[in-house]
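J.: here you go, sequence then predicted model.
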Amino acid sequence: MSRQSHDGRIHFALGQVERWVVAGGAGLLSVLGGLVYAGVTSRIDLQARAQAEMNSTLTEISKQQAVTNGQIQTLSAQLADVPRLSRDMAEVKVRVDQHEQSIRELRQTRAAR
């Protein structure tokens, strides 16, 4: 209930039921504030754990990338030798053909004797 006092200000006077209602409302607000605080802190903790997990995953990916880069460098070095190996194989084939030709000629000369 509100009343105006001698100085012009309005004063509220609460009865017994109104006091209980105000106290219950204040209690409810404090409980809701606590729930909101708990929810926010749990989400912050969850986000911090997710961030830490993501950082460890990124570290693992960095390590795997370094290993993959090393393997790619090794393969590149090996592939750089492929033209030389092809040339060497061609030379070996020519030599084998020449040796086979020489062997045939030797067999023919032996057969002719």
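T.: Everything's here; your move. Numbering: from 1, shown residues only.

J.: could you use CA atoms for every contact and neighbour count after this?
T.: OK.

J.: what score does residue 9 have for pLDDT?
T.: Per-residue confidence for residue 9 comes out at a pLDDT of 78.

J.: what about it, how many residues nearby?
T.: A total of 9 residues lie near residue 9 under the criterion other C-alpha atoms under 10 Å.

J.: can you check the one 5 residues further on too?
T.: Burial measure for residue 14: 13 neighbouring residues, criterion other C-alpha under 10 Å.

J.: now the helices for the protein?
T.: Using DSSP state H, the helices of the chain run over 16-80, 82-112.

J.: if we compare those helices, which one ends up closest to residue 10?
T.: Proximity to residue 10 (C-alpha to C-alpha) singles out helix 16-80 among the helices of the chain, at 17.4 Å.

J.: and the helices of the chain as a markdown table, adding mean neighbour count, mean pLDDT and distance to residue 8?
T.: Supplementary listing: the helices of the chain in a markdown table, determined by neighbours: other C-alpha atoms under 10 Å; pLDDT from 0 to 100; distance: least, C-alpha to C-alpha, whole Å:
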| stretch | mean neighbour count | mean pLDDT | distance to residue 8 |
| --- | --- | --- | --- |
| helix 16-80 | 12 | 95 | 24 |
| helix 82-112 | 11 | 90 | 102 |
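
J.: tabulate those (CSV), appending distance to residue 9.
T.: What follows is those, written out as CSV (distance: least, C-alpha to C-alpha, whole Å):
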stretch, distance to residue 9
helix 16-80, 21
helix 82-112, 99
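
J.: who wins for proximity to residue 7 among the ones you listed?
T.: Ranking the helices of the chain by proximity to residue 7 (C-alpha to C-alpha) places helix 16-80 first, at 25.2 Å.

J.: chain center to the closest one: distance?
T.: 14 Å (C-alpha atoms, centre = their mean, to the nearest Å).

J.: now that helix against helix 82-112, angle please.
T.: Per axes from the mean of the first three to the mean of the last three C-alpha atoms, to 10 degrees, the angle that helix 16-80 makes with helix 82-112 is 30 degrees.
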